[in-house]
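Q: Pasting the sequence and the predicted coordinates here, then a few questions.
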Protein chains: 2
Amino acid sequence: MSTVPPSGTCVYLSGGVGGAKLALGLAKVLPASDLLIVANTGDDFEHLGLTICPDIDTLTYTLAGLANHETGWGRAGETSRFMSALEALGGETWFFLGDSDLAIHVERSRRLAAGESLTAITADVGRRLGIECRLVPMTDDPVRTVVETATGPLAFQHYFVRDRCEPAVTGFRFDGAEGARLHPDVIEALADPSLRGVVIGPSNPLISIDPMFAVPGFVKALRDTMAPVVAVSPIVAGRAIKGPTAKMMRELGLPVSVSAIADHYAGVLDGLVIDSADASAAEAIRATRVAVHETKTVMHDLNDRVSLATNVLGFVDRLRRGADSMLQIASGAAAATWEMR
Amino acid sequence: MSTVPPSGTCVYLSGGVGGAKLALGLAKVLPASDLLIVANTGDDFEHLGLTICPDIDTLTYTLAGLANHETGWGRAGETSRFMSALEALGGETWFFLGDSDLAIHVERSRRLAAGESLTAITADVGRRLGIECRLVPMTDDPVRTVVETATGPLAFQHYFVRDRCEPAVTGFRFDGAEGARLHPDVIEALADPSLRGVVIGPSNPLISIDPMFAVPGFVKALRDTMAPVVAVSPIVAGRAIKGPTAKMMRELGLPVSVSAIADHYAGVLDGLVIDSADASAAEAIRATRVAVHETKTVMHDLNDRVSLATNVLGFVDRLRRGADSMLQIASGAAAATWEMR
């Protein structure tokens, strides 16, 4: 075995709160130049005349050490003077915007209107807040998740925040995805033979990862990449760690299980990280030719985040070495075949 | 003399801080339905993607009892979390926007973008904040004051706030004024025979009142109105009570005196309210056929505001009765002339 520590870029696909936890873990254990975090932008929306990018912001605040640990989103020590004043003016207050948090929305909206790309703005904000790894939107083109419900379609944040995920979900639509261009850094990283691996965070597959997969070329690039693609299950013991994942899966008639997560990612997935609580499901998943790694996946503190990141990377590296061995075997076999001619 | 208290609408022309003080005084002594406050919008500007209307806001906060008494502008007890966060993002921080104050800018900008008029938004905001009198922009069309300086033209707030009025002023331009439509309520009020009077606040004539006068039809309507037009001098004893009025007048080669104020408004003015400190200038002004009322014009507290408002209204009513008497004399003379035929 090589004594050189594993290197190469790790591409990490993330939604907001849950995904951001592991993003921080990865940022702690990887050299900054080896981590490319790809944020879902399907949650983005226009509100009060501002363009708000909840997943990018949650990732930004988390990586910059500014996040509110209690909510998982927004900034620590936030105040609500703006919201109180807005309420007095009869403005829409269902989406909370803290006084400090407002700056990122106002400044981003101004820069977008001035013609800057979301990529450029996100990178500059990250740099100014001390984030060293790359954080990019899945695309610079607007994609907007629409939740199809029993009572009609709802813009994602209307469903998610205003209506508290109450309407029963019948499906999703990712407006704009069809014509969106996958982020060039993602295309380049996935095509790079030295790519270490792709990690799909413990985010909601339906609303955090599927919008990415709806961008043309993303799924094919994941299928084509030589590096392992692993996901961390957001479902633990039949429940979602966070948010409406389980409720949505039930409403769509899916079993709320780690197997359902593996099925959801079928075709792109080489390995699934599941919680030890779900060990009994491992065998069935392995039977679908998806490797399984069991570990503690619930992250309460920074140690948990770092530990899971280390664990996931170890799993990625084992899959890669396995693939390399098989390549060597295949290549040896080819040589043997050649010699046999 | 009539025992019926004076009635009819009083039209009050106002800029920001200085003008707002007397606006509050007038609002305290007049029935709400009898006061129409017309705000300068030449100071308005687009900043951080928001449309900011400093004079409307100062008037709104003052009339609503929310104003910061120390600065004269902004809200009392304001906080600056947004500004700190914006600074960390490298945003423009030369124009202070308090956390509570931001709500009015965000909400107004949203509503303007949605097609509502500045009039409708200002009225709704006022209603929600408990303002009973009418407060209207001089026009719903954008007018933007440009300060011509020795080093080139500057957008008003760049000159006023960013550059702290330091560049030497050579003139002013009111972009958009030529095509702007005077507010219909102003047109109607000035044409109403029952108009009680027009009061020009102790605002900077060059930058708070001249933008209004640059709107086609405003000066003619003031000349044509039957009611007295009086101004309250913003200059007291050769100094401006507030702001750069004196500095600007000097730079434009004007004497910094109450006489220069009377000259500036020549053609529209029936009376000028000056501070007792300037009593010596009264005779020369009266010689130009402008009536003069001497009183204490510097307003430190609410009592001063109410007292000046009462004083100014008394002056207006005396001028009106004087004009009525002259009309009666003229009418009597005409009758006599008729009889002599």
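A: Received the coordinates, thanks. These numbers come from a predicted model, not from an experiment.
Q: for stretch A:310-327, which positions count as buried?
A: When neighbours are counted by 16 or more other CB atoms under 10 Å in any protein chain shown, the buried residues of stretch A:310-327 are found to be A:T310, A:N311, A:V312, A:L313, A:F315, A:V316, A:D317, A:L319, A:R320. Every C-beta, even on glycine, is put in place using the N, C-alpha and C of the backbone.
Q: same deal with stretch A:16-36?
A: Neighbour-count burial for stretch A:16-36 flags A:16-27, A:29-30, A:34-36 (criterion: 16+ other CB under 10 Å).
Q: From A:L269, how far off is the closest residue to A:H264 other than its chain neighbours?
A: Closest residue to A:H264 apart from its sequence neighbours, by CB to CB, 6 or more residues apart in numbering or on different chains: A:P205 at 4.8 Å. As judged by CB to CB, to the nearest Å, A:P205 and A:L269 stand 11 Å apart.
Q: Same check on A:V298?
A: When distance is defined by CB to CB, A:V298 is 21 Å away from A:L269.
Q: Among these two, which residue is more densely surrounded?
A: Taking other CB atoms under 10 Å in any protein chain shown, A:V298 and A:L269 do not tie; A:L269 has more neighbours (23 against 15).
Q: my guess is A:N311 meets A:H293, correct?
A: Yes - judged on CB atoms under 8 Å, A:N311 makes contact with A:H293 at a distance of 7.1 Å.
Q: how about the residues of the stretch 51-200 of chain A near chain B?
A: Taking CB under 8 Å from any CB of the partner chain as the contact definition, the stretch 51-200 of chain A meets chain B at A:75, A:79, A:81-86, A:88-91, A:98-104, A:106-107, A:109-110, A:113, A:124-125, A:128-129.
Q: hmm, which of the residues you listed are the buried ones?
A: Burial by neighbour count, 16+ other CB under 10 Å: within these this picks out A:75, A:79, A:81-83, A:85-86, A:88-89, A:91, A:98-104, A:106-107, A:109-110, A:124-125, A:129.
Q: Run through the helices of the stretch 51-200 of chain A in chain order.
A: A:54-63, A:81-88, A:102-113, A:118-128, A:156-157, A:184-191 (DSSP state H, counting those that start in this stretch).
Q: Make CSV from those and add mean pLDDT to it.
A: Formatted as CSV, those follow (pLDDT from 0 to 100):
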stretch, mean pLDDT
helix A:54-63, 98
helix A:81-88, 98
helix A:102-113, 98
helix A:118-128, 98
helix A:156-157, 95
helix A:184-191, 98
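Q: surely the residue nearest to A:H264 meets A:S233?
A: No - taking contacts as CB under 8 Å, A:P205 lies outside contact range of A:S233: 9.3 Å.
Q: Comparing those two, which residue is more hemmed in?
A: A:S233 (27 against 24).
Q: From the buried residues of stretch A:16-36, which land in strands?
A: Per DSSP state E, strands hold the following members of the buried residues of stretch A:16-36: A:L35, A:L36.
Q: OK, contacts around the residue in the stretch 151-300 of chain A that chain B sits nearest to?
A: Across the stretch 151-300 of chain A, no residue is closer to chain B than A:Q157, which sits at 15.7 Å (CB to the nearest CB). By CB atoms under 8 Å, 6 or more residues apart in numbering or on different chains, the contact set of A:Q157 is A:D43, A:F45, A:H47, A:I52, A:P54, A:F95.
Q: near chain B, from the buried residues of stretch A:310-327?
A: Among those, none lies close to chain B by the criterion of CB under 8 Å from any CB.
Q: List just the nearest of the residues you listed to A:L195.
A: Using CB to CB, A:R320 is the member of those that lies nearest A:L195, at 9.3 Å.
Q: what about the closest residue to that closest one other than its chain neighbours, neighbour count?
A: Nearest residue to A:R320 in three dimensions, chain neighbours excluded: A:P228, at 5.3 Å (CB to CB, 6+ apart). Neighbourhood size, A:P228 [other CB under 10 Å]: 23.
Q: so who does A:P228 touch?
A: Contact analysis of A:P228 by CB under 8 Å, 6+ apart lists A:G197, A:V198, A:D270, A:G271, A:V316, A:L319, A:R320, A:A323.
Q: try A:V125
A: Counted by CB under 8 Å, 6+ apart, A:V125 has contacts A:T60, A:I104, A:E107, A:R108, B:L89.
Q: now do A:F218
A: Contacts for A:F218 (CB under 8 Å, 6+ apart) come out as A:M138, A:L182, A:V186, A:M212.
Q: Quick check, pLDDT for it.
A: Predicted confidence (pLDDT) for A:F218: 98.
Q: From B:A279, how far out is the closest residue to A:G130 other than its chain neighbours?
A: Once flanking residues are discounted, A:G130 sits nearest to A:A64: 5.7 Å by CB to CB, 6+ apart. Distance of A:A64 to B:A279, computed by CB to CB: 63 Å.
Q: now A:F172
A: A:F172 is 78 Å from B:A279, by CB to CB.
Q: Which residue of these two possesses the greater neighbour count?
A: A:F172 (20 against 12).
Q: Correct me if wrong: that one contacts A:E148.
A: Yes - assessed by CB under 8 Å, A:F172 is found in contact with A:E148 at 6.5 Å.
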